[in-house]
Every structure is written in C-alpha cells, then in structure tokens.
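**Student:** With the input below, show me the fold.
(one chain, ligands or ions: 1)
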Amino acid sequence: MTTMLQVTDLGHTYGGDAGYTAIDDLSFTVNTGELVCIVGPSGCGKSTLLRAVSGLHRPSRGTVRLQDDPVNGVPEDLAVVFQDYSRSLFPWLTVAGNVEFPLRSRGIPAAQRKERAAEALEAVGLSAAAAKYPRQLSGGMQQRVSIARALACRPALLLMDEPFASVDAQTRAELEDLLLKVQREQDTTVLLVTHDIDESVYLAHRVLVLSTAPASVVADLPVDLPPERDQITTKEDPRFIELRGEVARLLRRPENVPVVADAEGAADSVDVEPVVAAKS
Ligand SMILES: Nc1ncnc2c1ncn2[C@@H]1O[C@H](COP(=O)(O)OP(=O)(O)OP(=O)(O)O)[C@@H](O)[C@H]1O
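**Tutor:** Residues are numbered from 1 along each chain as shown. Presented below is the predicted three-dimensional model:
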C-alpha cells in the first residue's frame, strides 16, 4: 500500500502569531485508492485543512506531501469539488465545456479533452446532457457535472468539501452511491469533508474525527464494513450502527479527549485508534 497524502504537524493561525489558531498539530496519511472522510465539530477548521492540503493557502506550520512531493501551490494532479455547485460551474459554458475547461490550462489537446470529458460524463451518467447549460439542470445534476469535471483531470487525489450538502436527501443518497461507484471503478483516492456522520461511515474506508478548534485528529476509525455498500442494508447493519454511534460519541466529547481515557465499554467493541493525547 503506498501513501498518497501525508500531512505532518500541520497548523494554521489566521492573522499572524497572535491571531486565531484554526488547526494545530494535525497529522494523518491517506493511502492510494482509499476514501477517507473527515468529520469534526462545526467551525473546527475542516475547510482550513482542505485549503492547506490543496495548496490554496500556505499553512503556518507543518508539511503536506502529495505522492512524496511537498505541496507549495495547487498541484496539477489534484482536483477539488466544493459544496456550492451553482458558483463553481461557468453558466456560459455547456456541460461538456465546463468539464473540459480545466484540461485547457493543463495543455491537453482538443481531441483528447473531448474524449476525456465524454468519458467523465458517462461515468456520472450525464452523457445525454453534454450540450446543455448548467441552468437547464437540477442541483444534483450540476453537482454531478462538478464531479465529472474533477474526474476528467484524472487527479491523484480528489478533495471534496461538503460536496452533497446542498442537495435534497434523495439526491444526496444517489450522489453518495455515484461517488462509491466511480471511486471503485477508477481507484481514485478521495479525501472528503462532511458534517454528516452517517455519510462518513457509509462512504469511508476510514473516518478521521477532528477535535474542536484548533482542530487536531482525535481518532482514526477504520470502517470495517463490507466494501459493497447499500443505502438500506448497510445502514441496517449492526456494525454500521455501532460505528455511527462511536463517531457521534467522539464528536460529542467536550474537548474531544481520546477514547482510551474513559471509554472502556464503548471502545471495546470498536477498533478506534487514538491519535493524540488529551489537550491541556
Ligand atoms: N480568513 C480567515 N481569517 C480569520 N479566521 C478565519 C478565516 N477563515 C476561517 N477562519 C476561522 O477559522 C475557524 C475554522 O474555520 P473553517 O472554515 O476552517 O472551519 P470548518 O470546520 O470548515 O467550518 P464549518 O463546520 O462551518 O464548515 C473558524 O473559527 C473561522 O471563523
């Protein structure tokens, strides 16, 4: 198993040394082909973490390495899908035009761009909408275009920041299953931030639970569910229910102290790997 992403002792303080520390001492890895979900209390620093990982801003401390190379700007082989699909698609470009757009700046010739866009749109079930404009599509379809655009770049790492938070529950479930399908088919490495505990357990190979701000990793929870997930049967699985409860308990801890400190009963049944010592 190779390491795709290595985050070491990452910290970020907004406004200089005397400013506000959003994340601190944050370390974790993501292996190639893994889908890792990050959950954390509201405002704990999840987006700050993703911005640092994507090279969109330089962290105050620590390092991010993608395929062993330090990240010092936005890497070419990284793609990001944001929550707000309506602002991330260009309204004056067709669906195919939107998907092809980032390939232009990567210098990919026109014929290859068309081919890659068609392939990505097929993967998300939108081949028939290639000539339409974003305004002609539902919210869920627009977010599928954003996913296709990211996939067309064939990223080594796909970062997703609350990607399904702006769509209705039914569409959300469909998009979750679409992500699982393309992740399996293309063996994409995915790091996904979500507020939704069920979503994190349903999608992930591992769930990283963050503490309240400044965020650090409180637990690294392997999701030992069968790889084939199903919205009904997986969520009825006693193991799913147990894992979901464990993530909820970890998030509810006032200071997110590590599980080993006082969770003998709960931790016995769940293979939780404590990552940090209690915060002072
Ligand atoms: N540019 C900035 N300048 C100063 N403080 C900031 C800036 N961006 C974010 N913060 C602060 O850093 C903290 C973490 O913000 P961030 O958006 O990373 O959290 P989050 O976990 O993604 O939030 P949410 O759960 O609401 O999506 C918050 O307290 C926020 O107010």
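
**Student:** Which parts of the stretch 101-250 of the chain are helices?
**Tutor:** In chain order, the stretch 101-250 of the chain shows helices spanning 110-123, 139-152, 169-186, 197-203, 233-236, 238-252, with DSSP state H, counting those that start in this stretch as the criterion.

**Student:** starting at the chain centroid, how far to the second one?
**Tutor:** Put plainly, it is helix 139-152. Averaging C-alpha coordinates over helix 139-152 and over its chain gives two centres that are 15 Å apart (C-alpha atoms, centre = their mean, to the nearest Å).

**Student:** Which positions in the protein make contact with the ligand?
**Tutor:** Taking C-beta under 6 Å from any ligand atom as the contact definition, the chain meets the ligand at Y14, Y20, A22, G40, S42, G43, C44, G45, K46, S47, T48, A213. C-beta here means a position set from N, CA and C on the backbone, and glycine is covered the same way.

**Student:** switch the cut-off to 5 Å
**Tutor:** Residues of the chain that fall close to the ligand, judged by C-beta under 5 Å from any ligand atom: Y14, A22, S42, G43, C44, G45, K46, S47, T48.

**Student:** Now the two most distant members of those residues.
**Tutor:** The distance between the two most remote of the residues of the chain next to the ligand (C-beta to C-beta) is 17.0 Å, for Y14 and S42.

**Student:** on that earlier part again, now, of the residues of the chain next to the ligand, which are buried?
**Tutor:** Buried members of the residues of the chain next to the ligand, counted by 16 or more other C-beta atoms under 10 Å: A22, C44, G45, K46, S47, T48.

**Student:** Any idea which helix or strand in this structure has the lowest mean pLDDT?
**Tutor:** For the chain, scoring each helix and strand by mean pLDDT, DSSP states H and E identifies helix 264-269 as the least confident one, at a mean of 38.

**Student:** Which residue lies closest in space to the residue nearest the centre of the chain, excluding its sequence neighbours?
**Tutor:** Compute the mean C-alpha point of the chain, and by C-alpha atoms, centre = their mean the closest residue is L192, 1.1 Å away. The spatial neighbour of L192 that comes closest, neighbours along the chain excluded (C-beta to C-beta, 6 or more residues apart in numbering), is M160 at 4.2 Å.

**Student:** so what's that neighbour bridging to?
**Tutor:** Beta-bridge partners recorded for M160 (DSSP bridges): V81, L192.

**Student:** so who does it touch?
**Tutor:** Contacts of M160 were listed using C-beta atoms under 8 Å, 6 or more residues apart in numbering, and they are V80, V81, L179, V190, L191, L192, V193.

**Student:** How about the contacts made by A213?
**Tutor:** When contacts are counted by C-beta under 8 Å, 6+ apart, A213 is found next to T21, A22, I23, P41, G43, C44, G45.

**Student:** try it again with 6 Å
**Tutor:** Contact analysis of A213 by C-beta atoms under 6 Å, 6 or more residues apart in numbering lists A22, C44, G45.

**Student:** Stretch 5-21: end-to-end distance?
**Tutor:** Distances were taken as C-alpha to C-alpha, to the nearest Å; on that basis the terminal residues of stretch 5-21 are 23 Å apart.
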